[in-house]
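>>> Everything below, folded, please.
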Amino acid sequence: MYRPTTPQSSLFDVAAVLPDALPKDDWSYLYREKILPLIDEEAFRPLYAESSGRPNAPIKAMVSLLIFMGLEQLAWRTAEYLFPRRLDWMIATNTASGEARIDHTTLFKFYQRLEGNEVARELFTTFVEAFIQTCGTSVKIQRTDSFFVHGWLRILSRYGLFKETIATFLRALRKHKPGLYENIRPELSQDYLEKDFDLTEKDKERAQRKVALMARDLYRIKTVFENHHQVKHYETFEVLCRVFTQQCQVEEVPEQEPKITLKEKPDTDTVCSPHNPDARYVRKGKQRATGDKAVITETCDPDNKTQFITDVNVVNITTPDARLQPELLDRLIDHGFQPDSQYEDAGFVTGETILAAREKGVELEGPVAGRSQSFDKFEQPDRPLDAADFDIQVDPDNGELVVVACPHQQVAKSQKRSDKTGDLLVHFDADECRACPLSARCPVHIGKRVATFRVSEAQYVGAQRHHRYMEDKGYRKKCAVRAGVEATVSELTRAHGARKSRHRKAARTKLQIIFAATACNVKRFLRTVQQCARAELETA
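This next block holds a predicted model:
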């Protein structure tokens, strides 16, 4: 049952009982004065029943504890243990010394209630609005970056995936249908539920032989139980079938058992662990991870005294950065944090995202995805040509692209829009193109009668941005401001525990990252207020 926190102070308030326990400029007093009133308990009312059930614990205290957990990377039981023993926590939450009792189970269940609700994000936005207004922080220039949030799953090879998938299913089968388990066990190549269970095999040849045997075991289990009226509905069996379909293929042999072979490359969207079939595996350079991807945006105006994180989100780890850009910008605009310039790395910037951002009044800055940033390769005389090497102008009347001439100054014969793709089709003389010394490097397709250059606005804008980034040293220096967000990523991952997820579900991981970003903003805000107060005292 929903019950708001009483605004009346207790006689046993720590600040009243022990007035000199902490200095008056301690962060706890600032938190109680500046931040605690920002927590609107009415926003949490839908999480509770109106007239039945046990009354909730103080919501402001529970939200504050989640922020403190993000500040100090604490576990649930640790937060429960420290709350009645930390004077600064009791002062910050305006809790009397005898009332600082919130069980870790109560705190975690409150966290679970937030899982399917946007109230945590709304609270984050409320904090950011108050912080930038108090500190006079400008949001006109912002920067964005993404990072991996590592899950708790072990990264398995195909050998380990097959073995653990079969073992997970057999455990469930032995528990619910022991008779069926005893029937299938002798038909398998090994005892998958043995005590000494190893998910690795150092001998590669032996591992390949075992993988082939386990592939047959997967097929055997699949064919035996795929029509069983109960077993076929087991989650572990469904995962087993998905793993087999993604990793193996069946070749029918006349009058013989089917031949089971392994696919050279598994299907896309592949299961990487039977314990969490929604988790995905990704490799980026030398970094390998299973889990989720977090995306953060922060202010970066050089005139700001303090920079604040303005947006945070968690998505599937395999989602490309460029696909996240439109939604990210929409959230900033909806929350009133629309920038004039957004600095991002090459993963986010494409011709499509540049044009989409311009339509919303935002200039997306940074190098373009999918292009080498090697100056040696760009300056080579035989580098491939692109749309930016053509003489292209924009018609001032209708905004259409007009291709005037090719890199060898051949004037275009005609141009029109493709009815299917909407791309601009520019025609040149085929004979001149064949004789052109740049033909080997040129993107123009030379046919029998006509040479065609196909280009879209997005391709041209992307190529133009690439040339600007590679040729203009001043622009590269201007884009260097984006590198500062790497320090914020380091701060979140090292100081606030955002690198490692504490949860299996992506929704709870998202909450963890939101509270980590909130804690980071709270820390920066309190530090700024303390510094300003001390500066005023020194001046006086």
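>>> From here on, just use CA atoms for contacts and neighbour counts.
OK.
>>> need the next SSE after the longest strand along the chain, C-terminal direction.
Secondary structure of the chain per DSSP state E: the longest strand is strand 287-299. Under the assignment DSSP states H and E, the closest C-terminal helix or strand after strand 287-299 is strand 309-316.
>>> Give me the contact list for that next one.
The set of residues external to strand 309-316 that reach it, using C-alpha atoms under 8 Å, 6 or more residues apart in numbering, is 125, 128, 280, 291-299, 328, 331-332, 337, 506, 509-510, 513-514, 517, 521.
>>> Give me the buried entries from those.
Buried members of the contacts of strand 309-316, counted by 16 or more other C-alpha atoms under 10 Å: 125, 128, 280, 291-299, 328, 332, 337, 506, 509-510, 513-514, 517, 521.
>>> check contacts around Pro381.
Counting by C-alpha under 8 Å, 6+ apart, Pro381 has no contacts.
>>> residue boundaries of the strands in the stretch 201-350 of the chain?
Ranges of strands in the stretch 201-350 of the chain, per DSSP state E, counting those that start in this stretch, are 248-251, 259-262, 280-284, 287-299, 309-316, 341-343.
>>> Could you dump those into TSV with distance to Arg449 and mean pLDDT added?
Output for these, formatted as TSV (distance: least, C-alpha to C-alpha, whole Å; pLDDT from 0 to 100):
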stretch	distance to Arg449	mean pLDDT
strand 248-251	46	91
strand 259-262	47	90
strand 280-284	45	84
strand 287-299	50	92
strand 309-316	48	96
strand 341-343	45	97
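>>> Please identify which of those is closest to Phe148.
strand 287-299 (4.6 Å; C-alpha to C-alpha).
>>> So for the helix or strand of the chain with the lowest mean pLDDT, what gets flagged as buried?
Within the chain, no helix or strand scores below helix 14-17, which has a mean of 77 by mean pLDDT, DSSP states H and E. By neighbour count on 16+ other C-alpha under 10 Å, the buried set for helix 14-17 is Val14, Ala15.
>>> After that helix, which helix or strand is next?
Scanning onward from helix 14-17 (DSSP H and E), the first element met is helix 27-30.
>>> ok now that next one, how far from the chain's centre?
Offset of helix 27-30 from its chain centre (C-alpha atoms, centre = their mean, to the nearest Å): 32 Å.
>>> who does that helix touch, helix- and strand-wise?
Counting contacts by 3 or more C-alpha pairs under 8 Å, 6 or more residues apart in numbering; DSSP states H and E, helix 27-30 is packed against helix 87-92, helix 506-539.
>>> what does it rub up against?
Asp88, Trp89, Ile91, Ala92, Leu526, Gln530.
>>> Measure how buried the nearest residue to the last one once chain neighbours are set aside is and give me the count.
In space, not counting the residues next to it along the chain, Gln530 is nearest to Asp25; the distance is 7.1 Å by C-alpha to C-alpha, 6 or more residues apart in numbering. For Asp25, the number of neighbouring residues by other C-alpha atoms under 10 Å comes to 12.
>>> wait, Asp25 sits on Gln531?
No. At 10.2 Å, Asp25 does not count as touching Gln531 under the criterion of C-alpha atoms under 8 Å.
>>> now Arg45: how far from Lys510?
Per C-alpha to C-alpha, to the nearest Å, Arg45 is found 21 Å from Lys510.
>>> Oh, that last question was meant for Val231, not what I typed.
In terms of C-alpha to C-alpha, Val231 sits 34 Å off from Lys510.
>>> how close does His228 sit to Arg476?
Distance from His228 to Arg476, by C-alpha to C-alpha: 63 Å.
>>> Which one of those two is surrounded by more residues?
Using other C-alpha under 10 Å as the criterion, His228 and Arg476 rank with Arg476 on top: 16 against 10.
>>> what's the neighbour count on the residue nearest to that one when sequence neighbours are not counted?
Among residues not flanking Arg476 along the chain, Tyr469 sits closest, at 5.8 Å (C-alpha to C-alpha, 6+ apart). When neighbours are counted by other C-alpha under 10 Å, Tyr469 registers 20.
>>> Could you check how far Tyr469 is from Arg494?
Distance from Tyr469 to Arg494, by C-alpha to C-alpha: 32 Å.
>>> Also Ala322?
Taking C-alpha to C-alpha, one finds Ala322 at 26 Å from Arg494.
>>> higher neighbour count, these two?
Ala322 (16 against 13).
>>> Is it correct that that one is in contact with Thr350?
Yes. Counting by C-alpha under 8 Å, Thr350 is a contact partner of Ala322 at 7.0 Å.
>>> Contact partners for the closest residue to Asn304 other than its chain neighbours?
Leaving out its chain neighbours, the residue that sits closest to Asn304 by C-alpha to C-alpha, 6+ apart is Thr137, at 5.4 Å. Residues in contact with Thr137 (C-alpha under 8 Å, 6+ apart) are Phe131, Thr299, Asn304, Lys305, Thr306, Gln307.
>>> Ok, Ile221 next?
Ile184.
>>> rewinding a little: can you say which of the helices and strands packed on helix 27-30 is packed in most?
Among the helices and strands packed on helix 27-30, helix 87-92 has the highest mean neighbour count (mean count of other C-alpha atoms under 10 Å), at a mean of 22.
>>> Quick check: which ranges of the chain have low pLDDT?
195-202, 268, 537, 540 (pLDDT under 70).
>>> Give me the domain ranges for it.
With domains defined by automatic domain parsing, the chain comprises 1-117, 158-262, 375-457.
>>> Save these as JSON lines, and put in distance to Ile317 too.
JSON lines is the format used below for those (distance: least, C-alpha to C-alpha, whole Å):
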{"stretch": "domain 1-117", "distance to Ile317": "19"}
{"stretch": "domain 158-262", "distance to Ile317": "19"}
{"stretch": "domain 375-457", "distance to Ile317": "30"}
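>>> Tyr343: which of those domains is closest?
domain 375-457 (21.0 Å).
>>> Compute the first-to-last residue distance for the closest one.
Distance across domain 375-457, first residue to last, is 25 Å (C-alpha to C-alpha).
>>> Ok, stretch 153-160 next?
12 Å.
>>> buried stuff in that stretch?
For stretch 153-160, a neighbour-count test (16+ other C-alpha under 10 Å) marks Leu153, Ile155, Leu156, Arg158, Tyr159, Gly160 as buried.
>>> same check, this time on stretch 182-197
Under 16+ other C-alpha under 10 Å, the buried positions of stretch 182-197 are Ile184, Arg185, Tyr192, Leu193.
>>> Can you tell me the closest non-neighbouring residue to the last one?
When the adjacent residues along the chain are set aside, Leu193 lies closest to Ala167, with 6.1 Å between them (C-alpha to C-alpha, 6+ apart).
>>> how far away is the one you found from Val404?
For Ala167, the distance to Val404 (C-alpha to C-alpha) stands at 66 Å.
>>> And for Arg534?
Relative to Val404, and taking C-alpha to C-alpha, Arg534 is found at 63 Å.
>>> again with Gln142
Applying C-alpha to C-alpha to Gln142 and Val404 gives a distance of 37 Å.
>>> One more: Val411?
6 Å.
>>> Leu438 now?
Leu438 sits at a distance of 17 Å from Val404 (criterion: C-alpha to C-alpha).
>>> can you check Lys263 too?
Note on Lys263: its distance to Val404, by C-alpha to C-alpha, is 49 Å.
>>> Which one's more surrounded, these two?
Per other C-alpha under 10 Å, whichever of Lys263 and Val404 has more neighbours is Val404, with 17 against 12.
>>> For the more buried one, which three-state class applies?
Using DSSP: H, G, I helix; E, B strand; the rest coil, the structure places Val404 in strand.
>>> wait, it sits on Val394?
No. Checked against C-alpha under 8 Å, the pair Val404 and Val394 is beyond contact range at 10.2 Å.
>>> Return the set of residues that bridge with the residue nearest to Ile514 when sequence neighbours are not counted.
Leaving aside its chain neighbours, Ile514 sits nearest to Val312 (6.4 Å; criterion: C-alpha to C-alpha, 6+ apart). Beta-bridge partners recorded for Val312 (DSSP bridges): Ile296.
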